[in-house]
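K.L.:
Give me the fold of what follows.
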Amino acid sequence: MTDSFYQSVAVVGGGAWGTAIAEAAARAGRTVTLWAREGDTVTAVNTAHENTPFLPGVPLSPAIKATGTLDDIAQADVIFWVTPAQFLGVVAKQAQAALDAAGKKQPQVICCKGIHIETGKLMSEMLADALPTYTQAILSGPTFAREVASGKPTAVTLSCDDADIGMRIIETIGLPTFRPYLSTDPRGAEIGGAIKNVFAIACGIVDGKQLGDNARAALIARGTAEMVRLGQALGGKTETMMGLAGLGDLVLTCTSTQSRNFSLGQAIGQGQSMGEIMASRNSVAEGVTTALAVHKLAGKLNIEMPITAAVHAVLHEGAPIDQVILELLSRPFTKEY
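P.N.:
Just a heads-up that it's a prediction; the model follows:
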């Protein structure tokens, strides 16, 4: 009888979120291989059982085996991709030969959130370019890595066109404190996960400028409208974007300084430059690149996304924040829907 779960798991990406997924899988009793580009991460996970560069202070299961060699992921039963969004295609292409040689055709679960700047492609399209014959799934939702790795209650969306494979992935990593909910709308799930980072930066700017809680709530609501508008144009379902992978993730990311994107926006609102902010960080705020990619995509699709355009203007065109806020607030009154 076939197991209802996958026994061996590989996680590609040794940042905080990749480490958290690896820890959740280990707690579920799986054999876990964690690939990391950084040698100090590999050493720390294997010797100290802690990812000191990216998730310090969180003890990890000794069952997690870290590696810096992509060939080591090829024998896993299921693979979770947690690289920075802009590098997913590159890393997947590097792993292609080893995966094809293994011949397992294991499901590939995309956990990184964003849109590729140069091509405007979603993460599913980037992975399909490298691994065109593999089944894909999307794991997304309101998740701070430290809380997941520490075993605090979390719920996410696991979306796959094949519901049976989706449920098997859920059984592989699901725990009482890490609850994946099944969806069969991968497109809606990944769009919600990508675009929420742009609105988190906007909410951070609102906080940094001390514009009040009313303004932040309005941004979340109107950001949801932009998310749904783009998602529908790309084939996603509205109900998916109103769930954990859309609205749930948006609310979390827009309301806490634990969010890299919110805290970056907050620092901008307080008057810091991008150079100053990035010099003090060792982790990526995906919303910076996603703002550019979404703005270009919205123009291509002729979709009105004023909040996205405002964030793009601040981050990538050097527009003065006060002027951008005034222009956003001075837009003509219109219907809500």
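
K.L.:
Show me what stretch 88-100 is in contact with.
P.N.:
If you take Cβ atoms under 8 Å, 6 or more residues apart in numbering as the criterion, stretch 88-100 is touched by 12-13, 70-71, 73-74, 79, 81, 83, 106, 110, 112, 116, 123, 126-127, 129-131, 134. All C-beta atoms are positioned from the backbone trio N, CA, C, and that covers glycine.

K.L.:
Now do it: distance to the chain's middle.
P.N.:
Taking Cα atoms, centre = their mean, to the nearest Å, one finds stretch 88-100 lying 20 Å from the centre of the chain it belongs to.

K.L.:
do stretch 302-321 as well
P.N.:
Distance of stretch 302-321 from the chain centroid (Cα atoms, centre = their mean) equals 21 Å.

K.L.:
Can you check the distance spanned by it, start to finish?
P.N.:
End-to-end distance of stretch 302-321 (Cα to Cα, to the nearest Å): 25 Å.

K.L.:
Next: stretch 270-277.
P.N.:
With Cα to Cα, one end of stretch 270-277 sits 11 Å from the other.

K.L.:
Could you do stretch 277-285 as well?
P.N.:
First residue to last in stretch 277-285 (Cα to Cα) measures 11 Å.

K.L.:
going forward can the numbers begin at 40, since that is how I track them
P.N.:
In the new count, where the first residue is 40, that last one comes out as stretch 316-324.

K.L.:
Contact partners for Gly96?
P.N.:
Gly96 makes contact with Glu89 under the criterion Cβ under 8 Å, 6+ apart.

K.L.:
So for it, what's the pLDDT?
P.N.:
In this model, Gly96 is scored at 97, pLDDT.

K.L.:
mind checking the SS state of it?
P.N.:
What DSSP: H, G, I helix; E, B strand; the rest coil gives for Gly96 is coil.

K.L.:
ok, now how distant is it from Ala349?
P.N.:
Computed as Cβ to Cβ, to the nearest Å, the Gly96 to Ala349 distance reads 36 Å.

K.L.:
same deal with Trp74?
P.N.:
Taking Cβ to Cβ, one finds Trp74 at 37 Å from Ala349.

K.L.:
which of the two has more neighbours?
P.N.:
Neighbours were tallied for Trp74 and for Ala349 using other Cβ atoms under 10 Å; the higher tally belongs to Trp74 (27 against 23).

K.L.:
quick one: that one and Gly54 touch, right?
P.N.:
No - at 11.3 Å, Trp74 does not count as touching Gly54 under the criterion of Cβ atoms under 8 Å.

K.L.:
biggest helix in this protein, by residue count?
P.N.:
As assigned by DSSP state H, the longest helix anywhere in the chain is helix 225-247.

K.L.:
For Cys242, which non-adjacent residue is closest in space?
P.N.:
Cys293 (4.0 Å; Cβ to Cβ, 6 or more residues apart in numbering).

K.L.:
Only the buried residues of stretch 148-164, if you could.
P.N.:
The neighbour-count check on stretch 148-164 (16 or more other Cβ atoms under 10 Å) flags 148-155, 160-163 as buried.

K.L.:
where in the stretch 140-289 of the chain is pLDDT low?
P.N.:
Scanning the stretch 140-289 of the chain for pLDDT under 70 picks out no residues.

K.L.:
ranges for the helices of it?
P.N.:
162-169, 184-188, 202-212, 225-247, 252-272, 277-280, 288-292 (DSSP state H, counting those that start in this stretch).

K.L.:
Output those in CSV; the columns should cover distance to Ala330.
P.N.:
Output for the helices of the stretch 140-289 of the chain, formatted as CSV (distance: least, Cβ to Cβ, whole Å):
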stretch, distance to Ala330
helix 162-169, 16
helix 184-188, 22
helix 202-212, 30
helix 225-247, 5
helix 252-272, 12
helix 277-280, 18
helix 288-292, 14
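
K.L.:
which one of those helices lies closest to Val333?
P.N.:
In terms of Cβ to Cβ, the element of the helices of the stretch 140-289 of the chain nearest to Val333 is helix 225-247, at 5.8 Å.

K.L.:
Report the buried residues of that closest one.
P.N.:
Applying a neighbour-count criterion of 16+ other Cβ under 10 Å, one finds 225-247 buried in helix 225-247.

K.L.:
Could you check how far it is from the centre of its chain?
P.N.:
Taking mean C-alpha positions (Cα atoms, centre = their mean), helix 225-247 and its chain are 10 Å apart.

K.L.:
Would you mind putting the CA coordinates of that helix into CSV?
P.N.:
Written as CSV, here are the backbone C-alpha positions of helix 225-247 (Å, rounded to 0.1, in the frame of the first residue of the first chain):
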residue,chain,number,x,y,z
PRO,A,225,-2.1,27.4,-7.8
ARG,A,226,-2.3,30.6,-9.9
GLY,A,227,-4.5,32.5,-7.3
ALA,A,228,-2.3,31.3,-4.4
GLU,A,229,1.0,32.4,-5.9
ILE,A,230,-0.3,35.8,-7.0
GLY,A,231,-1.6,36.6,-3.5
GLY,A,232,1.7,35.6,-2.1
ALA,A,233,3.7,37.7,-4.5
ILE,A,234,1.9,41.0,-4.5
LYS,A,235,1.2,41.3,-0.8
ASN,A,236,4.9,42.3,-0.2
VAL,A,237,4.3,45.5,-2.3
PHE,A,238,1.4,46.5,-0.1
ALA,A,239,3.4,45.7,3.1
ILE,A,240,6.0,48.3,2.0
ALA,A,241,3.2,50.8,1.5
CYS,A,242,1.8,50.1,5.0
GLY,A,243,5.3,50.4,6.4
ILE,A,244,5.6,53.8,4.8
VAL,A,245,2.3,54.8,6.3
ASP,A,246,3.5,53.7,9.8
GLY,A,247,6.9,55.5,9.3
